[in-house]
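Enquirer: Quick one, fold the following:
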Amino acid sequence: MDSSNFLPTRAGTTGGLLINVLLQISGSEMIKTVVVTATGAAVSFLVSFLLQRLLKRRKP
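Expert: Predicted coordinates for the structure are as follows:
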């Protein structure tokens, strides 16, 4: 069976699912998600940066 024939079906199904999910999310939930994600990324970067500097100081 040639699976390349199913590509348009998979693409259509995936696209429909994504559009449906995006339409179900309200604007306030989207803003909250963006803020939480940005905060998490900033904290992760800051912790990684500080640990890297701390470890560089300890090396002889």
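Enquirer: Quick one: distance of the longest helix belonging to the chain to the chain centre.
Expert: If you go by DSSP state H, the chain has its longest helix at helix 27-58. Offset of helix 27-58 from its chain centre (Cα atoms, centre = their mean, to the nearest Å): 13 Å.
Enquirer: mean confidence for that helix?
Expert: In this model, helix 27-58 has a mean pLDDT of 92.
Enquirer: Check which helices and strands that helix sits against.
Expert: On a contact count with 3 or more Cβ pairs under 8 Å, 6 or more residues apart in numbering; DSSP states H and E, helix 27-58 meets no helix or strand. Glycine gets a C-beta too; all of them are placed from N, C-alpha and C.
Enquirer: What distance do you get for the residue nearest the centre of the chain to Glu29?
Expert: Geometric centre of the chain, nearest residue: Thr37, 8.0 Å, by Cα atoms, centre = their mean. Using Cβ to Cβ, to the nearest Å, we find Thr37 at a distance of 12 Å from Glu29.
Enquirer: Kindly report the same for Ala38.
Expert: Using Cβ to Cβ, we find Ala38 at a distance of 15 Å from Glu29.
Enquirer: before we move on, what about Leu51?
Expert: From Leu51 to Glu29 the distance is 33 Å (Cβ to Cβ).
Enquirer: burial of Gly16, as a residue count?
Expert: 10 (other Cβ atoms under 10 Å).
Enquirer: Please tell me how far it sits from Arg53.
Expert: As judged by Cβ to Cβ, Gly16 and Arg53 stand 47 Å apart.
Enquirer: Can you get me a residue count around Asn20?
Expert: 9.
Enquirer: and it, what element?
Expert: helix 7-24 (DSSP states H and E).
Enquirer: How about residues contacting that helix?
Expert: The contact list for helix 7-24, computed with Cβ atoms under 8 Å, 6 or more residues apart in numbering, is empty.
Enquirer: what's the angle from it to helix 27-58?
Expert: Put simply, helix 7-24 runs at 100 degrees to helix 27-58, going by axes from the mean of the first three to the mean of the last three Cα atoms, to 10 degrees.
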